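**Student:** give me a 3D structure for the following:
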Amino acid sequence: MNSVSTRGMKMYPCHCIISNITGNATWARIGVTVAGGKGSGNATNQLHLPSGLVVDDDQTMVIADTWNHRIIQWKKDDTNGQVVAGGKGLGNRMDQLNYPSDVLIDKVTNSFLICDQNNRR
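**Tutor:** Next up is the predicted model:
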C-alpha cells in the first residue's frame with residue numbers, strides 16, 4: 001500500500017464505498033476533521049491507523065481503528081467517539097479484535113459486520 005508522508009504523519013488511502021452520494025453533490029475545497037485529529041493514540045478522541053469506515057444515514061461514522069483493535073463510532077458533531085466493538089486489547093476472545101480492517105452496517109439486523117483481519121473472522 002502506498003502512503004503519503006505529511007509532516008511526520010503517514011496517510012494511507014482508505015478504500016471505502018459510499019453509496020448514498022447523489023449526482024448533484026457538491027464538495028468543499030477544504031477538508032474538515034470530523035474524527036480523531038488529536039494525534040495517534042488510544043483515547044476516545046484519537047485513532048491509530050484507521051483503515052475502514054462507513055457512514056450511516058444520520059451521518060454517524062463507524063471506523064475500524066485498526067491498531068487500537070477496536071471499532072469506534074463517532075456521532076455527528078461529537079468530539080469523542082464511543083467504542084462499540086473490541087477495545088480490550090489485541091486478542092481472539094469474542095470481546096477482542098486483532099487488527100480489524102473494515103466495518104459495514106447491516107440495516108436489516110441492526111448490527112456491524114467487522115473484518116477482523118488477523119483473527120480471520
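**Student:** residue contacts, T66?
**Tutor:** Contacts for T66 (C-beta atoms under 8 Å, 6 or more residues apart in numbering) come out as H48, L49, P50, S51, Y99, P100, S101, Q117. Where you see a C-beta, it was placed from the backbone N, CA and C, and this is true even at glycine.
**Student:** now with 7 Å?
**Tutor:** Applying C-beta atoms under 7 Å, 6 or more residues apart in numbering to T66 gives the contacts L49, P50, S51, Y99, P100, S101.
**Student:** secondary structure element holding V34?
**Tutor:** Assigned by DSSP states H and E, V34 falls within no helix or strand.
**Student:** pull the contacting residues for it.
**Tutor:** Contact analysis of V34 by C-beta under 7 Å, 6+ apart lists M61, W74.
**Student:** how far away is it from S111?
**Tutor:** 23 Å (C-beta to C-beta, to the nearest Å).
**Student:** buried ones in stretch 101-120?
**Tutor:** By neighbour count on 16 or more other C-beta atoms under 10 Å, the buried set for stretch 101-120 is S101, D102, V103, L104, I105, F112, I114, C115, D116, Q117, N119.
**Student:** also stretch 43-53?
**Tutor:** Within stretch 43-53, the residues scored as buried using 16+ other C-beta under 10 Å are T44, Q46, L47, P50, S51, G52, L53.
**Student:** surely the fourth one meets D65?
**Tutor:** Meaning P50. Yes. With contact defined as C-beta atoms under 7 Å, P50 and D65 form a contacting pair (5.0 Å).
**Student:** circling back: of the buried residues of stretch 101-120, which belong to strands?
**Tutor:** Mapping the buried residues of stretch 101-120 onto strands (DSSP state E) picks out S101, D102, V103, L104, I105, F112, I114, C115, D116.
**Student:** is it correct that the fifth one is in contact with Q73?
**Tutor:** What that stands for is I105. No. I105 is not in contact with Q73 according to C-beta under 7 Å; the separation is 10.0 Å.
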